[in-house]
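Peer 1: coords please:
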Amino acid sequence: MYPDTRLHYTSPHPLGPVAIAPAQILGMCRLGRDEQQPDWPLQSVRMPVLGPATAGMQEVWHTSLPAQDGHFHDIHYRRAGGLLFGVITLDERQFAMQDGATALQALAETAYRQLFALLDAQHCPHLWRVWNYIPRINVEEHGMERYRQFNIGRHQAFAGSRRPVHGSPAACALGTADGPVSIAFLAADSPALPIENPRQVSAFAYPQQYGPVSPTFSRAALAGQPGEQWLFISGTASIIGHLTVHVGDVAAQTAETFANIAILLEQANRLQPRQPFTLAGLDYRVYVRHAADYPAVRAAVLAQLSEDSRVVYVQADICRADLLVEIEAQGAG
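Peer 2: Below is the predicted model:
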């Protein structure tokens, strides 16, 4: 890691001008309504923002050093010192079924192979965090749910690039109603430490009832910088072992999700005890399957956090049809 490179994050806020020097912006995510394409990498997520605040939100990753802009195949990226943020957006219609592989499977493998090739070329090989957004994620096509098709392609890219699944990054995979597949990622020249939840089977070790290959992500990741640690908590849901619990009860699923997040904090704090991570110190994105469940989910979240906690709620499809809510988080300690 370059000693003078520091990662910074601006919590989701209403769309508008960015009060950060453009040269120091690594990348941005926009939720809900989109606006003009900026000069830096942008992940535009077609998910409605829930609640009274605004129709659109944006968050920014930036650094203490000027970032260099670049393009690699279909990836727009920026790098500052030992940190790299990239976005790849692909239209599934550009891919076709071939040798038994669906278009979505081929797209996922292509995207991740490009991603790994970029990281190798930049000598920045360590994936810290990935955000995957997939249209119609729960729909069954060609005899298989689309999320499972995506997992096959992603897994093939990991295997083809000789990347072990037990060292997978923190990640999420959520569904949009339509649009392209969008993948954003944060990588570095220093490794992150994967963290697993002892209450759960590791995602990469799921039994075959969840598809021919398992999802490729760790439950959380602890990434080090000089004088600072970042904790990235993957999309987390109401799962114990490998089974969904509290089916049909969105409030209970939300509470169980926080129980899983609390265990991940405990695991992280054992590894980094000097400045312990807390529930109150994290930024959260809460994915709600049914917009009508927003009040119940918000009430369940506020049972764990305060009114001034940094939480954004969006409507999204979740990787299992019986999951009603999923929560991801991150924070520096």
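Peer 1: Report the separation between the most centrally placed residue in the chain and H73.
Peer 2: For the chain, W131 is the residue whose C-alpha lies nearest the centre (C-alpha atoms, centre = their mean; 3.0 Å). Note on W131: its distance to H73, by C-beta to C-beta, to the nearest Å, is 19 Å. For the C-beta atoms, the positions are set from N, CA and C on the backbone; glycine is no exception.
Peer 1: cool, and V288?
Peer 2: Distance, V288 to H73, using C-beta to C-beta: 34 Å.
Peer 1: before we move on, what about G153?
Peer 2: Taking C-beta to C-beta as the measure, G153 falls 16 Å from H73.
Peer 1: Repeat that for Q114.
Peer 2: For Q114, the distance to H73 equals 5 Å [C-beta to C-beta].
Peer 1: With adjacent residues omitted, what lies nearest to Q156?
Peer 2: Closest residue to Q156 apart from its sequence neighbours, by C-beta to C-beta, 6 or more residues apart in numbering: E109 at 4.8 Å.
Peer 1: So the one you found belongs to a helix, correct?
Peer 2: Yes: counting by DSSP: H, G, I helix; E, B strand; the rest coil, E109 is part of a helix.
Peer 1: ends of stretch 31-38, how far apart?
Peer 2: By C-alpha to C-alpha, to the nearest Å, the extent of stretch 31-38 from end to end equals 15 Å.
Peer 1: For R146, what are phi and psi?
Peer 2: phi -60, psi -30 (degrees, to the nearest 10).
Peer 1: Now for it, how many residues are close by?
Peer 2: 23 (other C-beta atoms under 10 Å).
Peer 1: Also Q315?
Peer 2: Q315 is flanked by 19 other residues according to other C-beta under 10 Å.
Peer 1: per-residue confidence for E228?
Peer 2: E228 carries a pLDDT value of 80.
Peer 1: er, T54 I mean
Peer 2: 67.
Peer 1: count of neighbours near the residue lying closest to D178 once chain neighbours are set aside?
Peer 2: In this structure, D178 finds its nearest non-sequential neighbour in P135, 5.3 Å apart by C-beta to C-beta, 6+ apart. By the other C-beta under 10 Å criterion, the neighbourhood of P135 contains 18 residues.
Peer 1: P135 reaches T176, doesn't it?
Peer 2: Yes: P135 lies in contact with T176 (C-beta atoms under 8 Å); the separation is 5.0 Å.
Peer 1: just to revisit the earlier point, run the chain-centre distance for the host helix or strand of the residue nearest to the centre of the chain.
Peer 2: Using DSSP states H and E, the element containing W131 is strand 126-135. Centroid displacement of strand 126-135 relative to its chain, using C-alpha atoms, centre = their mean, to the nearest Å, is 5 Å.
Peer 1: Run me through the strand neighbours of it, direction for each.
Peer 2: Strand pairing for strand 126-135, determined by DSSP bridges: strand 170-176 (parallel), strand 181-188 (antiparallel).
Peer 1: Need the ones you listed in JSON lines (columns: distance to V250 and mean pLDDT).
Peer 2: Output for these, formatted as JSON lines (distance: least, C-beta to C-beta, whole Å; pLDDT from 0 to 100):
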{"stretch": "strand 170-176", "distance to V250": "16", "mean pLDDT": "98"}
{"stretch": "strand 181-188", "distance to V250": "26", "mean pLDDT": "98"}
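Peer 1: Having no further points to raise, I will conclude here.
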